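1. I'd like to go over a predicted model; first the sequence, then the structure.
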Number of protein chains: 2
Amino acid sequence: MSSSRRITLKELARHLGVSTASVSNAFNRPDQLSHALRERILAEARRLGYRGPDAKARSLRTGRSQIVAVLLAESLTYSLNDAVASELLSGIAEVLDAHGHTLLLLSGRQNAAQVPGSSSIADGFIAYGLMPPSLMVSADVPAQRPLVAVDFSPEGYPAVHIDNEPASYAIADHALKSPPLRPAIISLRLTEQPCNGRVTEAHTQLPPEQTITRSRLIGFHRALAEHGIDPAGVPMWNIEENTFEVCAPVIEAILDSPDDERPDLLLCMSDRIALTALTLAERRGLRIPEDLRITGFDGIAEGQYRAPRLTTVRQDSTEKGRIAARMILGLTPSADSLVATELMIGESCP
Amino acid sequence: MSSSRRITLKELARHLGVSTASVSNAFNRPDQLSHALRERILAEARRLGYRGPDAKARSLRTGRSQIVAVLLAESLTYSLNDAVASELLSGIAEVLDAHGHTLLLLSGRQNAAQVPGSSSIADGFIAYGLMPPSLMVSADVPAQRPLVAVDFSPEGYPAVHIDNEPASYAIADHALKSPPLRPAIISLRLTEQPCNGRVTEAHTQLPPEQTITRSRLIGFHRALAEHGIDPAGVPMWNIEENTFEVCAPVIEAILDSPDDERPDLLLCMSDRIALTALTLAERRGLRIPEDLRITGFDGIAEGQYRAPRLTTVRQDSTEKGRIAARMILGLTPSADSLVATELMIGESCP
DNA sequence: CTCGCTGTCTGAATCGATTTAGTTAGGCGC
DNA sequence: GCGCCTAACTAAATCGATTCAGACAGCGAG
């Protein structure tokens, strides 16, 4: 009533004629004071509109904020619209929520204006996606703060990931059981070197910074070789960013090939790529899978909630998120964790 | 080296033999000290591994945290997997990012174990989705803290929204230009009363808590009436939660009707519902749009990146997010804002 | 009666910064 | 040489809590 400013714990204590310690205990450690006093304090707090201890002050004093930061290699805008990242976040959120923690979103690709150090508020970090060490530093991951990595393995930190090579081998192996005439691979960011379109030999010679996509490629190649197809002879296209907009022109170019050169099997490194191919092929009236077979990777919902269903490898990103969150909260010992994958046969490549 | 603990500003100052004020200014107000001293301070900071002022302490002292909280009516798990909410978050993140702020995710449906008051760390709030006042209170939206509402209008706060009634009138009007034999409506959470399936009269008599879906329904009804169809005679089904899993059984039930009772036009209140109908109808071999026409609402990417494309009303959720974020940051005066919608004609209902 | 113990409650230090008011020194004009 | 202004720097209060180390009272045992 009197003051418009929010009332503080100290003022509340003075109103009641008790110490600040008792008020604090009334909110945090009920066993430390008599029932009667506690009730009196809570009643007066309600009366004066005191909402409980201020989070900023509490976190300074205790050193804990109940906040876990997720540091994303890609921009927030991209990540939030990407099904795989969203699933991961959703798994993280589920566990944090259940344990009274909240989620702070941080991007490695943040604006330079970002005040350095502003992230030191988090109790722990979950880093997702391939992040150069420089990014982690500039994003101010404090040296001695707990960090769990997802889908990459920075030295000295526990990581949650899947086994990409066998998984991609498995799906390629499945697809190759009916021998294709003209198989092709559509890959995702093999190197830091920008490349959207047909991959030349030069690109494949570059150092394998992108470990996930590298492993998937190796799996594809192994399956091809085992089926008697020389991987070097299989054409490959690269996609710069895992979005429909960026995929579409590359796919259109592929589909524009003359009929006797057009691939009849597309091994795609992500569901987004595969779904884009599926959509554009259908718009052209190609029959799936008779004229063109397509496989994906990830197992996002969109690929299953459609007709024909996408043949893909499901990785349970939600579960990855749950595991990472449990490690950060200390509910699980922090150690490298391998999540299982599952081959899902849809109508896009039976 | 010596101490494993993180070094503080005060210790850094003592190392250098300068006051803490100067060290603070070296990081925050370069114009307040000589260039030479500043360089000396920053060099020593680097040497000792000081990463800049601690965010917890800074936020306590200044009262600002550079954090904006998004309070979601639904669970985080649901919201992160919902395309509309993700788009909104993505718009918010884009603006916050560009201005050195970060995003804290809070759910109105949070676990009861949530420490009350833990959200008082945020500088401002963006609330999304219909949120009963009680939820906003229990989620501890501080009374005098800035809040912008999206898609609902709590008293005393600015709101960002679209004009639902004319938008849904427009799409129904479009669809009814070819007169349907058996139109039907699939609605989304018209009341707090749980109902997944055929809507009885009782449900429609309930108080209109869900303002958005109510408005959309009124728009549909107005269009029907204008085209000479009695809205009371149009069957309606309700969907409890906007997900494939919850939608699917209801849609299956509708499609199970004998051929001469099965609807030939589905006016759906969301793209998720419409896409579920589209998928399940295709799996049954129904021809779209010859056997069944379907319209959606929202304009999510998934509906456009497919064949046939979904006929829908696009609402630019990303833009809603940007606007809300700008208001919260004070870049734009906080006032109610109406975002335009756009009718998008796809092949699902030409 | 005295000792020690338990249950309540308090005083004061502390977390790590920001910021106001003020001190000091140097430069400049006249 | 004097006064005034500015630039550079500092001392100390403050933000709003948590928590440790007692203080005090009451009570039962010996």
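-> That came through fine.

2. any idea how chain A splits into domains?
-> The record assigns chain A these domain ranges, following automatic domain parsing: A:9-53, A:67-161, A:164-316+A:336-344.

3. Reformat those domains as JSON lines; add mean neighbour count.
-> Placement of C-beta: from N, CA and C, glycine included. What follows is the domains of chain A, written out as JSON lines (neighbours: other Cβ atoms under 10 Å in any protein chain shown):
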{"stretch": "domain A:9-53", "mean neighbour count": "15"}
{"stretch": "domain A:67-161", "mean neighbour count": "21"}
{"stretch": "domain A:164-316+A:336-344", "mean neighbour count": "18"}
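
4. Indicate which one of those is closest to B:Ser107.
-> domain A:67-161 (6.3 Å; Cβ to Cβ).

5. Just give me how far that closest one sits from the chain centre.
-> Taking the mean of its C-alpha atoms, domain A:67-161 sits 9 Å from the chain's own mean (Cα atoms, centre = their mean, to the nearest Å).

6. same thing with stretch A:286-293?
-> Offset of stretch A:286-293 from its chain centre (Cα atoms, centre = their mean): 31 Å.

7. do it and chain B meet at all?
-> No. No part of stretch A:286-293 sits near chain B under the criterion Cβ under 8 Å from any Cβ of the partner chain; the closest distance found is 10.6 Å.

8. Same list, the domains of chain A, but as a markdown table with mean pLDDT and distance to B:Ile121 please.
-> A markdown table is the format used below for the domains of chain A (pLDDT from 0 to 100; distance: least, Cβ to Cβ, whole Å):
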| stretch | mean pLDDT | distance to B:Ile121 |
| --- | --- | --- |
| domain A:9-53 | 93 | 11 |
| domain A:67-161 | 82 | 8 |
| domain A:164-316+A:336-344 | 91 | 30 |
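
9. Quick one: residues contacting A:Leu267.
-> With contact taken as Cβ atoms under 8 Å, 6 or more residues apart in numbering or on different chains, A:Leu267 is in contact with A:171-172, A:175, A:183-186, A:220, A:295.

10. ranges for the strands of chain A?
-> Here chain A has its strands, by DSSP state E, at A:67-72, A:102-107, A:124-128, A:147-150, A:159-162, A:183-188, A:197-198, A:236-239, A:265-268, A:293-295, A:312-315, A:337-339, A:341-344.

11. Touching the fifth one from outside, list them.
-> Spelled out, it's strand A:159-162. With Cβ under 8 Å, 6+ apart as the test, strand A:159-162 has contacts from A:148-153, A:315, A:320, A:323-324, A:327, A:336-341.

12. out of the contacts of A:Leu267, what pair is the most spread apart?
-> The span of those, defined through Cβ to Cβ, is set by A:Ile171 and A:Ala184 at 14.6 Å.

13. Minimum distance to B:Gln66: which of the strands of chain A has it?
-> Comparing these by Cβ to Cβ, strand A:102-107 comes nearest, at 10.8 Å.

14. Can you give the strand pairings for that closest one, parallel or anti for each?
-> Strand A:102-107 pairs in its sheet with strand A:67-72 (parallel), strand B:102-107 (antiparallel), by DSSP bridges.

15. Output these in TSV; the columns should cover distance to B:Leu224.
-> As requested, those are exported to TSV (distance: least, Cβ to Cβ, whole Å):
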stretch	distance to B:Leu224
strand A:67-72	46
strand B:102-107	37
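
16. To DNA strand D, which of those lies closest?
-> Relative to DNA strand D, the nearest member of the strands paired with strand A:102-107 by Cβ to the nearest atom of the strand is strand A:67-72, separated by 15.4 Å.

17. any idea of the angle the closest one forms with strand A:124-128?
-> For the pair strand A:67-72 and strand A:124-128, the angle between their directions (axes from the mean of the first three to the mean of the last three Cα atoms, to 10 degrees) equals 20 degrees.

18. ok, residues contacting strand A:67-72?
-> Where contact means Cβ under 8 Å, 6+ apart, the residues beyond strand A:67-72 that reach it are A:79, A:85, A:89, A:92, A:96, A:101-108, A:119, A:121-129, A:131, A:136, A:139, A:141, A:325, A:328-329, B:104, B:121.

19. what's the residue closest to the geometric middle of chain A?
-> Central residue check for chain A by Cα atoms, centre = their mean: the C-alpha nearest the mean position is that of A:Ala85, 3.3 Å away.

20. Quickly note the distance from that one to A:Lys320.
-> Relative to A:Lys320, A:Ala85 is positioned 11 Å away (criterion: Cβ to Cβ, to the nearest Å).

21. what does A:Val339 give?
-> The value you get for A:Val339 to A:Lys320, if Cβ to Cβ is used, is 5 Å.

22. same question, A:Pro154
-> Note on A:Pro154: its distance to A:Lys320, by Cβ to Cβ, is 16 Å.

23. now A:Leu71
-> Distance check for A:Leu71 against A:Lys320: by Cβ to Cβ, it reads 15 Å.

24. A:Asp298 too?
-> Relative to A:Lys320, A:Asp298 is positioned 12 Å away (criterion: Cβ to Cβ).

25. Could you do A:Ala223 as well?
-> 24 Å.

26. So which residues of chain A form helices?
-> A:9-16, A:20-28, A:35-48, A:55-62, A:76-81, A:83-98, A:133-138, A:164-176, A:201-204, A:211-226, A:244-255, A:271-283, A:301-304, A:317-328 (DSSP state H).

27. So is the first one next to DNA strand D?
-> Just to be clear, that refers to helix A:9-16. Yes. Contact of helix A:9-16 with DNA strand D (Cβ under 7 Å from any atom of the strand) involves A:9-10.

28. name the helices or strands packed onto that helix?
-> Identification of packing neighbours for helix A:9-16 by 3 or more Cβ pairs under 8 Å, 6 or more residues apart in numbering or on different chains; DSSP states H and E yields helix A:20-28, helix A:35-48.

29. and the last one, what other elements does it pack with?
-> Yep, that's helix A:35-48 we're talking about. helix A:9-16, helix A:20-28.

30. Just checking it against DNA strand D, any contact.
-> No. Applying Cβ under 7 Å from any atom of the strand, one finds helix A:35-48 separated from DNA strand D by no less than 10.2 Å.

31. The residue nearest to A:Ala122 when sequence neighbours are not counted bridge partners, please.
-> In space, not counting the residues next to it along the chain, A:Ala122 is nearest to A:Ala69; the distance is 3.7 Å by Cβ to Cβ, 6 or more residues apart in numbering or on different chains. Taking DSSP bridges, one obtains A:Leu104, A:Phe125 as the residues bridged to A:Ala69.

32. wait, does stretch A:148-158 make contact with chain B?
-> No. Applying Cβ under 8 Å from any Cβ, one finds that stretch A:148-158 is not in contact with chain B, the shortest distance being 15.1 Å.

33. Export only the CA atoms of that stretch, formatted as CSV.
-> Included here for stretch A:148-158 are C-alpha records, laid out as CSV according to Å, rounded to 0.1, in the frame of the first residue of the first chain:
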residue,chain,number,x,y,z
VAL,A,148,27.5,-32.1,-20.7
ALA,A,149,28.0,-32.2,-24.4
VAL,A,150,25.4,-33.7,-26.8
ASP,A,151,26.4,-34.9,-30.3
PHE,A,152,30.0,-33.9,-30.0
SER,A,153,32.9,-34.7,-27.7
PRO,A,154,34.9,-31.8,-26.3
GLU,A,155,37.9,-33.0,-24.3
GLY,A,156,37.3,-33.4,-20.6
TYR,A,157,33.5,-33.3,-20.7
PRO,A,158,31.0,-36.2,-20.6
